[in-house]
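Engineer: Just need the structure, nothing else, for what follows:
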Amino acid sequence: MTHFNLQFNYLPNTLRPLLAPTDSRLRPDQRALENGDFKLAATEKNRLEEKQRTVRKYNEKHKIEHKPVFFDEWQNPDDPE
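Structural biologist: Residues are numbered from 1 along each chain as shown. Now for the predicted structure:
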């Protein structure tokens, strides 16, 4: 990654408490990649993907519908239908 690309995910400590826990700048695989630890980044990415698959299978098995935590769905009255 170039220095320019790394600056996109710059995360000052003062901003960390204000971010949603799902913010990509908090992902351990992303941090490892930016730090040049490609083996750890691949391991973390695989762990995350396996966790997501497990949760999806559990939700399908128990018929649990996904409900966003940080967003509400609404219809914009100015949008054409």
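Engineer: for the longest helix belonging to the chain, packing partners?
Structural biologist: Looking across the chain with DSSP state H, the single longest helix is helix 38-61. Under the contact definition 3 or more C-beta pairs under 8 Å, 6 or more residues apart in numbering; DSSP states H and E, helix 38-61 sits against helix 28-34. Placement of C-beta: from N, CA and C, glycine included.
Engineer: Show me what the helix it packs on packs onto, helices and strands only.
Structural biologist: Helices and strands touching helix 28-34, by 3+ C-beta pairs under 8 Å, 6+ apart, are helix 38-61.
Engineer: Show me the shaky parts of the chain.
Structural biologist: 1, 6 (pLDDT under 70).
Engineer: ok, now with 90
Structural biologist: Applying pLDDT under 90 to the chain flags the ranges 1-13, 15-16, 19-27, 30-31, 33-36, 66-75, 79-81.
Engineer: related to what we said a few turns ago, centre of the chain versus the longest helix of the chain, how much separation?
Structural biologist: With C-alpha atoms, centre = their mean, to the nearest Å as the basis, helix 38-61 stands 12 Å off its chain's centre.
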